[in-house]
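Colleague: model the structure of this input:
(one chain, ligands or ions: 1)
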Amino acid sequence: MNFDEITRTRRAVNFFDQNREVPRELLDRMIELAARAPSSFNLQPWRLMVLRDAEEKARLRKLAWDQPKVTEAPVVLIVMADKTGWQAGNPTLEKNWTEMVRSGAMEEAQRDWFLDAAKSLYGRSPEASLAFAVKNAAFFAMGLMYAATSLGLDTHPMDGFDHEGVRKAFDISGDDWVPLLLAVGYRDPRAETAPPKWRKSVAEITGGG
Ligand SMILES: Cc1cc2nc3c(=O)[nH]c(=O)nc-3n(C[C@H](O)[C@H](O)[C@H](O)COP(=O)(O)O)c2cc1C
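Modeller: Got it, this is the predicted structure:
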């Protein structure tokens, strides 16, 4: 499938085939492809909680506007965005630092510069930290959806859920924000997919510029 086909085939699928599991290896492949997403300073402030268990999905559905796809999809991903991903001591930042030094992209002596640069951009306010986490995790999430389509899977992104409720019920740290839930599976062959939705034109997006 080329990119044009991927963008046309991907839909927010409402009805999933409840008799078709998503093999672990396929889900791993999808995540691996999405993990190639770009991120600020390559800080990759995203993580996933993978729900397959019927009871866990039922618990989530109660907190997600009772949307049937939460229990009908074989897999639901809770996408988490780490608001502290720019701070010294954060495990991913530290791994990134080690990698940058190892690859020669940065020198040890530049550590303070690097930490100050990240702090000045993302640590200047709670809003900046939230924006840092969510914009990067959203690129990753888009990658998950396109990767899924390229592998023959279907998805449905959801932000219709009780954020605090989900955080408490699934022990998600206050450092993380949940930009979306993502149902993953195979569309139900008996259900009709709604016609493609309208999109803004190029002129509407650019103002004709
Ligand atoms: C971040 C995000 C949150 C969404 N939340 C929901 C949701 O909670 N429930 C729902 O039915 N659809 C949800 N949608 C799906 C959108 O309505 C859908 O993507 C849009 O109408 C375009 O349709 P398409 O994806 O099939 O092209 C969400 C989409 C995104 C990107």
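Colleague: OK, contacts around the residue lying closest to residue 6 once chain neighbours are set aside?
Modeller: Distances taken as CB to CB, 6 or more residues apart in numbering put residue 149 closest to residue 6, at 4.9 Å, once the chain neighbours are dropped. Every residue, glycine included, has its C-beta placed from N, CA and C. By CB atoms under 8 Å, 6 or more residues apart in numbering, residue 149 lies in contact with 1, 6, 9-10, 155.
Colleague: need these in a markdown table with distance to the ligand and secondary structure, can you?
Modeller: Output for the contacts of residue 149, formatted as a markdown table (distance: CB to the nearest ligand atom, whole Å; DSSP: H, G, I helix; E, B strand; the rest coil):
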| residue | distance to the ligand | secondary structure |
| --- | --- | --- |
| 1 | 16 | coil |
| 6 | 12 | helix |
| 9 | 10 | helix |
| 10 | 7 | coil |
| 155 | 9 | strand |
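Colleague: can you select the buried ones from these in PyMOL?
Modeller: Typed into PyMOL, the line below selects the buried ones among these, using 16 or more other CB atoms under 10 Å:
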select buried, resi 10+155
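Colleague: can you tell me the residue of the protein closest to the ligand?
Modeller: In the chain, the residue that lies nearest the ligand is residue 160 (2.9 Å; CB to the nearest ligand atom).
Colleague: hmm, the longest strand anywhere in the chain touching the ligand?
Modeller: The single longest strand within the chain, with elements called by DSSP state E, is strand 176-185. Yes - applying CB under 6 Å from any ligand atom, one finds strand 176-185 in contact with the ligand at residue 180.
Colleague: before we move on, back to that, number of nearby residues for the closest residue to the residue of the chain closest to the ligand other than its chain neighbours?
Modeller: Spatial nearest neighbour of residue 160, excluding adjacent residues (CB to CB, 6+ apart): residue 65 at 4.3 Å. Applying other CB atoms under 10 Å, we find 12 residues neighbouring residue 65.
Colleague: gap between residue 65 and residue 178?
Modeller: 14 Å (CB to CB, to the nearest Å).
Colleague: again, but for residue 132
Modeller: Distance, residue 132 to residue 178, by CB to CB: 15 Å.
Colleague: quick one on the thing from earlier: need the contact list for the residue of the chain closest to the ligand.
Modeller: Counted by CB under 8 Å, 6+ apart, residue 160 has contacts 64-65, 67.
Colleague: quick one on the thing from earlier: now do the longest strand of the chain: distance to the chain's middle.
Modeller: 6 Å (CA atoms, centre = their mean, to the nearest Å).
Colleague: how about stretch 92-103?
Modeller: Worked out by CA atoms, centre = their mean, stretch 92-103 lies 22 Å from the chain centre.
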